[in-house]
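# Can you look at this prediction? I've put the sequence above it.
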Amino acid sequence: MSKIRIRTKKELEERKLIFFNIIKVLKKKKIFHFLQGGILLGACREKNFIKWDWDVEISVYAKDLINNFDELLIELKKNKFKISSYNLTHFTPKISFYRPGHKATSFSIIGWKYNIFFRSYNRAKLRIPIKFMKKMSKIKFFNKFFYAPKPVEEYLEYQYGEWKIPIRSAVKEIYLTNKFYKKNENILDIYNKIINLIFKIKK
């Protein structure tokens, strides 16, 4: 089955219920979270999830994800999620999980790490300049308010370019700008590798 197939109305409704379940978990643990990426694009352009999007990524700060990692795993399992993978690497912390019986969407909580030298929040080859994160916007999505990078439309242009024009693809180079997604290794990647190595040595 195609990764970018159009999801049914029932599948999208299930996705919404599961999404709010995850938000409830984050609120219970008092973890600041915000919308970014495909879920933000859908909220602003479609006023819904993107029908062909295969995942939902909820963003948090890396330090919050790392510091609450064990408790989050326990809470997610209590809420009937199955953990598919996790990563506690210093610059790319992430928990990926799914709800048994719902095959249309994979879910994850991803951590963004602030880099004082580059003045940006980073995840591997992804970069969000600090100007979008200093003071977040509040946007309405499914009649609830969520934080998002500010100004939202300028941020979406930074990440997607012509974000109002739908692009149905699973290839990052096609739907992400080269400002946001650095395909080739650069000085930031080298810096991240050095820091990760230092953390591993300390352990």
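Received, thanks.

# Going by C-alpha atoms from here, please, whenever you check contacts or count neighbours.
OK.

# what's in contact with the lengthiest strand in the chain?
Of all segments of type strand in the chain, defined using DSSP state E, the longest is strand 106-115. With C-alpha atoms under 8 Å, 6 or more residues apart in numbering as the test, strand 106-115 has contacts from 54-65, 90-98, 120-123.

# Run a quick neighbour tally on Ile22.
20 (other C-alpha atoms under 10 Å).

# which stretch of helix or strand covers the closest residue to it other than its chain neighbours?
In this structure, Ile22 finds its nearest non-sequential neighbour in Leu76, 7.8 Å apart by C-alpha to C-alpha, 6 or more residues apart in numbering. Using DSSP states H and E, Leu76 falls within helix 69-78.

# so what's Leu5 up against?
Let me fix one detail, which is that residue 5 is Arg and not Leu. Applying C-alpha under 8 Å, 6+ apart, the residues contacting Arg5 are Lys51, Trp52.

# Going forward, the N-terminal residue is numbered 58.
Okay, using 58 as the starting number, the last item reads as Arg62.

# picking up where we left off before, if I look at the residue nearest to Ile79, how far off is Asn78?
In this view, Leu133 and Asn78 are 9 Å apart by C-alpha to C-alpha, to the nearest Å.

# Look at those two and report which has more neighbours.
Leu133 (20 against 14).

# For the chain, which residue occupies the most central location?
Closest to where the C-alpha atoms of the chain average out (C-alpha atoms, centre = their mean) is Glu114, at 3.5 Å.

# Now do the contacts for it.
Contacts of Glu114 by C-alpha under 8 Å, 6+ apart are Gln93, Gly94, Gly95, Ile96, Phe164, Ser165, Ile166, Ile167.

# try it again with 6 Å
Listed by C-alpha atoms under 6 Å, 6 or more residues apart in numbering, the contact set of Glu114 reads Phe164, Ser165, Ile166.

# how many neighbours does the second one have?
By the measure other C-alpha under 10 Å, the count of residues near Ser165 is 20.

# how about low-confidence regions in the chain?
58, 241-260 (pLDDT under 70).

# Go over the secondary structure and confirm the residue nearest to the centre of the chain is in a helix.
No. Applying DSSP: H, G, I helix; E, B strand; the rest coil, one finds Glu114 to be strand, outside a helix.
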